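In: I need the structure of the sequence given here:
(one chain, ligands or ions: 1)
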Amino acid sequence: MVGEVPLYAGRAAAPDSDDPEAISAWLSSMPTIGKRELRRGFPRALVRKSCDLKAEMARGAVEIIATSGTTENRLQVLWEWSWWDPQEREAMRYNTRVAEAMPPGAPFREAVLTTPVCGGATCHVGNLSRLERTVDGMLFLNQVADPTHWSPAELDRMLAEWNELAPDGVEADPAYLAALCRYATQTATRMSAPRFVTLTYELATRAHKRAIARAIDAPLYSLYGSTETGVLFMECTEGRLHHNARHSHLELLDAKGGLGRVVVTTLGRTWMPLCRYELGDVVRPTSGPCRCGARDEGYQLERVEGRLADCLQSVDRLATPAMLDDAIDGADPRIEGWQLQREPDGAFTLGVVGETDGAQAAEAAAGLLEARVTPRIEAAILPEGSGKYRMVRP
Ligand SMILES: [Zn+2]
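Out: Model (predicted):
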């Protein structure tokens, strides 16, 4: 792959042997790349010399889509269903409950709730029919970018469509699903229970999970990956995340305190193969056999900690978004949403949404960060232009 893709020109060729140690040594001798390199090289430097991008796009085999990362992180990606779907399904089936609910070849009703899909020939912003928002049997519920702008009519429509479809599985951004579920709880609207919900696109907070669990009687599982890398980890019935090992080689670079930074080399991709790509996220690895009985291969995680850009360095350790959420929610579970903002003087403001003044939560965050944190009541935390939420604003 290295010799075929211009971005990797000049790097040492892969070793002849399949010996994992030889391959690891070869990989770790190469520089890592990040979103900047992908953006700069897109698309020509990322296409194998043997592939004709124009012809394959005209044939509809591959398309260019933009990821919904934060504005400065937004990426264009060469994307094809023939790659995405099989690797996603394979990852999901690491979870035995999901595997039972989704037998290969059997009909499966799926709903998706996240930022409206926009890419290639598809755009789900505006007033579209349910049929227009159904792609390959998947119903995309949302057509308004920011959940704070969901009107009661829009929320009622989504709940009605949810119940009409009665999905077997739901894939959701946790912030978006929590907003829909809070409305269902407030209006005492029953939501049909899927057999499972996968939470993805961004980190699920404890408050998200609580709001979802109040309205939906289904297990919630984290699915972790990105548009450019595919699915990297799937949470199992025992709460661990298992590596989707057939589709990527992973390195977890030491981030101290038992944490690792995720570096991905994709396996078997025709379009946009990635070699030592640093995703910009921090995770907490774990090891040993898992009670779920999944095959013991590749990495396992205790959890995903959040984006490196949202981590804060306190005196002697990294405070990750998940750690901040533990402290803030642990101190005050009335909080529905929060966002930490660093002020020019080095102190922090903790914006909180919920029936609380946020004082206890701010004190807990201050303890973790060893810094001054002042609470501020907010009507809502607003998403970034991309539709995702930042937990920490530097
Ligand atoms: Zn497991």
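
In: now Asp85, what's its secondary structure?
Out: Using DSSP: H, G, I helix; E, B strand; the rest coil, the secondary structure recorded for Asp85 is helix.

In: can you report how many residues lie near it?
Out: Residues near Asp85, counting by other C-beta atoms under 10 Å, number 11. All C-beta atoms are positioned from the backbone trio N, CA, C, and that covers glycine.

In: that one and the ion: what is the separation?
Out: Spatial separation of Asp85 from the ion under the definition C-beta to the ion, to the nearest Å is 23 Å.

In: with Met92 instead?
Out: Distance check for Met92 against the ion: by C-beta to the ion, it reads 13 Å.

In: who touches the closest residue to the ion within the stretch 101-250 of the chain in this structure?
Out: Sorted by distance to the ion under C-beta to the ion, the residues of the stretch 101-250 of the chain start with Cys236, at 3.1 Å. By C-beta atoms under 8 Å, 6 or more residues apart in numbering, the residues touching Cys236 are Tyr94, Asn95, Thr96, Tyr221, His242, Cys290, Cys292, Ala294.

In: model confidence for the first one, exactly?
Out: This points to Tyr94. At Tyr94 the predicted local confidence, pLDDT, stands at 94.

In: surely it is in contact with Asp296?
Out: No - contact between Tyr94 and Asp296 fails when scored by C-beta atoms under 8 Å: they sit 11.5 Å apart.

In: who's more crowded, these two?
Out: Tyr94 (26 against 11).

In: doesn't that one belong to a helix?
Out: No - residue assignment for Tyr94, taken from three-state DSSP, gives coil, which places it outside any helix.

In: quickly list what Leu318 is bridged to.
Out: Beta-bridge pairing of Leu318, defined through DSSP bridges, involves Gln313.

In: may I have the strand ranked longest in the chain as PDB, with CA atoms only?
Out: Taking DSSP state E as the assignment, the strand of the chain that covers the most residues is strand 277-286. Coordinates of each C-alpha in strand 277-286 appear next as PDB, following Å, rounded to 0.1, in the frame of the first residue of the first chain:
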ATOM      1  CA  TYR A 277      -3.300   8.000  11.300                       C
ATOM      2  CA  GLU A 278      -3.700   9.700  14.700                       C
ATOM      3  CA  LEU A 279      -7.400  10.100  15.300                       C
ATOM      4  CA  GLY A 280      -7.100  12.700  18.100                       C
ATOM      5  CA  ASP A 281      -8.900  10.700  20.800                       C
ATOM      6  CA  VAL A 282      -7.800   9.300  24.200                       C
ATOM      7  CA  VAL A 283      -8.900   5.900  25.400                       C
ATOM      8  CA  ARG A 284      -8.400   3.700  28.500                       C
ATOM      9  CA  PRO A 285      -7.200   0.200  27.500                       C
ATOM     10  CA  THR A 286      -7.800  -2.900  29.600                       C
END
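
In: near the ion, which residues of the chain? Just list them.
Out: Taking C-beta under 5 Å from the ion as the test, the list of the chain residues beside the ion reads Cys236, Glu238, Arg240, Cys290, Cys292, Ala294.
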